[in-house]
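> after the sequence you'll find the predicted model.
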Amino acid sequence: MKIRYILLILTAFLGAALLVAVAVQIRAETLQYQAAQRVEASNAVREPLLLNANALGDERSRTVMLLIGSDDEPGRREDLLAARRRVDETLERAEREITSRQASLRDSARSLSSLEGVKRDLARLRRQADEHLAADPDRRGAEIVPRWFQEATRLIEEVQSFRLTLLQQERPLEPALRAEAVLRTYGGVISESIARNQALLTWALSRPGGVGATEVETVSRNAGRADLAWDLVQGQLNAPLSEPVKAAIAAAQEEYGATLGPLQRTFLAALSGGVRPAIGSDQWYEIAGGALERVAAMQQELLKSSRQRLEGELAAARRSVLLWSGLLLGGIAAVAASILVVRLRVVRPLEELNATMLRLAENDLSAPLPRHARTDEIGEMGDTLRVFKANAIRRQRAQQDKEMLHARLKDAYRQLRRDLEAAAVIQSTMLPPPAILGDVQYRGLFRPSSLIAGDTYNVVRRSDGGVGFFQVDVAGHGAPAAMVSVASHQILSQALLTKSDGMHLEELVERINGDWPEDLPYFTMIVGEIDPRTRRGAIVQAGHPHPLLIRSDGSVEPIGEGGFPVGMVSTVSYERLEFAFGPGDRLLVYSDGLVEAENAAGEQFSEGRLRQLVREHSRGSTTLLLDQVDQTLRNWRGSERLDDDLSVLMLERLNERTNAHAHV
């Protein structure tokens, strides 16, 4: 794909990604706004339901007062009618809220149906109460009061249950709103408990016969429910409530704790002891009504605070949706403008530059150069094209010169390759072929890392019948190391052949080390001799790996003391190591290219693996053992190529000449 298309696609992709991110955020903000709408709508419906429950409790108490009264006071009739109007108003308000907020409420049809059922039951209860109140006072009976009270209480519980169902469907998440919703629930429990006891004790105190045990238990249960609700209210005061709400709660709690609560406990204690309280029903009704007014004021303050908080949340969510929507529109405009700018300022100039470059690449020097009076990268590219065109002819000439030089270099390389191949042939011919010298048989393994190597070895037979041998590993690789190996090969071969009987092997090595030029690379070696008159051999180790002595019984032991490489320190001394070398014994001499060969994981073959390999094949022939070493190393490397030169020399002492051929 061309870069100009990549730029356009990348700009469009980044713009689309930005727009998708903004759209996702708008979606989240919209969902949050809708959630706030649902909570606000639910709260708008729950508010009149709460007021309706309180108003129903007030209507229940006032109806009970009239039902148990012996005379019809006009003032009480008017108070009952006013209470009924408050109940009707709150029900109508709840219906209006449900109808107007159907889009934000769940199952609004069922909610309206529930309110219709409440209205039907309420109308029936009112007809029952009115029929009883319309009768002749002398013919009225008090038996309607408990049944009517229970039905009214059930209706209030139904309204409260409906309100709690709405709260469960849309529970507010903000801590203060959640706390206020809980406080309103507890306030409803307190209000209903007080209203029940207001009606029950008013009815009980108005009867001349006293209060029964069942009524005392009911009043006690209501008082306990109110006390527990106040304790739960206290546990919610740690929430982030407003100061007016806290003040309203404190005022209602003080009124209850200072007046109504102690009075209820006094009543219960007196009634449990069978003593009739001195206070009258009317006085008790007024005291309980005062506590209900405080609780109602607390509820009103909670409702006001919740409305304000929800309106604030809804406004903030609306602003957020509008803000992100504006950002989306701005982003769309920005993306479109970015694509247009990239097309006019980048893509089109690049297309012109690309067309010119292609013509110049085809040696079309007549191609016109685009002229952009710009100081940015596009302008720099145009200047570069002008320089390119001006130098086109020189490049052609330079290319011709390079081709000529390349041809000469190829000829020189072919010649150098032929020379190196010839040198490799000469170096390989210097290595002794497998042979038997007296009662000593030898065979070698030689694998250079390149055409020529820094490793070499030789086996010579002296005039006294002794067999001398050496193996050399010159530091480094390539031609320098190979030239030094050739020189050391000649020097060591002549030294072993011309070694006098009185010269020790270590003296020969020290003389070579002392005469070695300082400007030539150093080398490691093993030089040794096998005495034809005894069953012994001797070596001098000069920094070379330890040879392995393979006994006729198959045991393997390393020999040697290490020593310094030749040419590293001119004044160093060396030691000769003698060892028994009887019939069937073999000596394995190798360069470090064997034990330091690495596998694909960078792990070296190591002397330990070599010794183990030699032990496993120690009873095989020399040829088999060397072949096994070669094959194992190839498998270890996983390649035919070596990083360092490899040479192995094995010498074996035979029992007698007739058995020599059997071991080769």
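Structure's in. What do you need? Predicted model, so just to flag it, every value in this text is computed and none were measured.
> surely Phe579 forms part of a strand?
Yes: assessed by DSSP: H, G, I helix; E, B strand; the rest coil, Phe579 belongs to a strand.
> OK, contacts around it?
If you count contacts by CB atoms under 8 Å, 6 or more residues apart in numbering, Phe579 has them with 536-539, 549, 559. (Glycine included, C-beta is placed from N, CA and C.)
> what does Gln102 give?
Contacts for Gln102 (CB under 8 Å, 6+ apart) come out as Ser108.
> domain parsing for the chain?
Domain segmentation of the chain under automatic domain parsing yields 3-329, 433-663.
> and the contacts of Phe579, which are buried?
Listed as buried from those are 537-539, 549, 559; burial here means 16 or more other CB atoms under 10 Å.
> helices and strands around the helix or strand hosting Met298, which ones?
In this structure, Met298 sits in helix 281-342 according to DSSP states H and E. Packing partners of helix 281-342 (3 or more CB pairs under 8 Å, 6 or more residues apart in numbering; DSSP states H and E): helix 3-68, helix 175-206, helix 243-255, helix 261-272.
> possible to save those helices as a markdown table with distance to Asp473 and mean neighbour count?
Output for these, formatted as a markdown table (distance: least, CB to CB, whole Å; neighbours: other CB atoms under 10 Å):
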| stretch | distance to Asp473 | mean neighbour count |
| --- | --- | --- |
| helix 3-68 | 55 | 19 |
| helix 175-206 | 83 | 23 |
| helix 243-255 | 95 | 17 |
| helix 261-272 | 107 | 17 |
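> want to throw those helices into JSON lines with mean pLDDT and distance to Arg294?
Compiled in JSON lines, those are given as follows (pLDDT from 0 to 100; distance: least, CB to CB, whole Å):
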{"stretch": "helix 3-68", "mean pLDDT": "79", "distance to Arg294": "12"}
{"stretch": "helix 175-206", "mean pLDDT": "82", "distance to Arg294": "10"}
{"stretch": "helix 243-255", "mean pLDDT": "87", "distance to Arg294": "4"}
{"stretch": "helix 261-272", "mean pLDDT": "79", "distance to Arg294": "12"}
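> how about the ones you listed, which one is nearest Arg124?
Closest to Arg124 of the helices and strands packed on helix 281-342 is helix 3-68 (CB to CB; 13.2 Å).
> what about the helices in the stretch 501-650 of the chain?
505-515, 592-595, 606-616, 622-637 (DSSP state H, counting those that start in this stretch).
> nearest to Leu353, out of those?
Closest approach to Leu353 among the helices of the stretch 501-650 of the chain (CB to CB): helix 622-637, 51.5 Å.
> just how off-centre is that closest one within its chain?
Centroid displacement of helix 622-637 relative to its chain, using CA atoms, centre = their mean, to the nearest Å, is 50 Å.
> swap in stretch 519-531?
Put simply, stretch 519-531 sits 61 Å off its chain's centre (CA atoms, centre = their mean).
> in it, what counts as buried?
Within stretch 519-531, the residues that qualify as buried are 520-530, counting by 16+ other CB under 10 Å.
> just stretch 509-516 next, same as before
509-510, 512-513, 516.
> distance check, the closest residue to Leu292 other than its chain neighbours against Leu268.
Ranked by CB to CB, 6 or more residues apart in numbering and with sequence neighbours excluded, the top spatial neighbour of Leu292 is Ile194, at 5.5 Å. Per CB to CB, to the nearest Å, Ile194 is found 14 Å from Leu268.
> circling back to that earlier point, now, the contacts of Phe579 that are in strands?
Cross-referencing these against strands under DSSP state E gives 536-539, 549.
> nearest to Thr202 among those residues?
Leu549 (122.9 Å).
> so what's the closest one up against?
If you count contacts by CB under 8 Å, 6+ apart, Leu549 has them with 556-559, 579, 581, 585-588.
> now with 10 Å?
For Leu549, the contact set (CB atoms under 10 Å, 6 or more residues apart in numbering) comprises 537, 539, 555-560, 579-581, 585-588.
> ok, now Glu575?
So Glu575 contacts 505-506, 509, 539-541, 560-563 (CB under 10 Å, 6+ apart).
> and it, how close does it get to Leu505?
10 Å.
> surely Tyr33 meets Ala317?
Yes: between Tyr33 and Ala317 there is a contact under CB atoms under 10 Å: 3.9 Å.
> hey, what's in contact with both of those two?
Contacts common to Tyr33 and Ala317, judged by CB under 10 Å, 6+ apart, are absent.
> if we can go back for a sec, wouldn't the residue nearest to Leu292 be in contact with Leu263 here?
No: contact between Ile194 and Leu263 fails when scored by CB under 10 Å: they sit 11.2 Å apart.
> and the pLDDT for Leu416?
With respect to pLDDT, Leu416 scores 74.
> meant to ask about Arg619
At Arg619, pLDDT is 89.
> quick one: contacts for the residue nearest to it when sequence neighbours are not counted?
What sits nearest to Arg619 in space, not counting adjacent residues and going by CB to CB, 6+ apart, is Gly554, at 5.2 Å. Gly554 sits next to 584, 614-620 when contact means CB under 10 Å, 6+ apart.
> over to Tyr33?
Tyr33 is in contact with 313-314, 316-322, counting by CB under 10 Å, 6+ apart.
> before we move on, what about Val22?
Val22 sits in contact with 324-332, where contact means CB under 10 Å, 6+ apart.
> measure it to Trp284 for me?
Separation of Val22 from Trp284 (CB to CB): 65 Å.
> partner residues bridging the closest residue to Leu548 other than its chain neighbours?
Nearest residue to Leu548, sequence neighbours excluded (CB to CB, 6+ apart): Leu588, at 4.2 Å. In this entry, Leu588 is beta-bridged to Leu548, Met650, by DSSP bridges.
> tell me how many other residues surround Leu588.
Using other CB atoms under 10 Å, Leu588 is surrounded by 24 other residues.
> no further questions, thank you.
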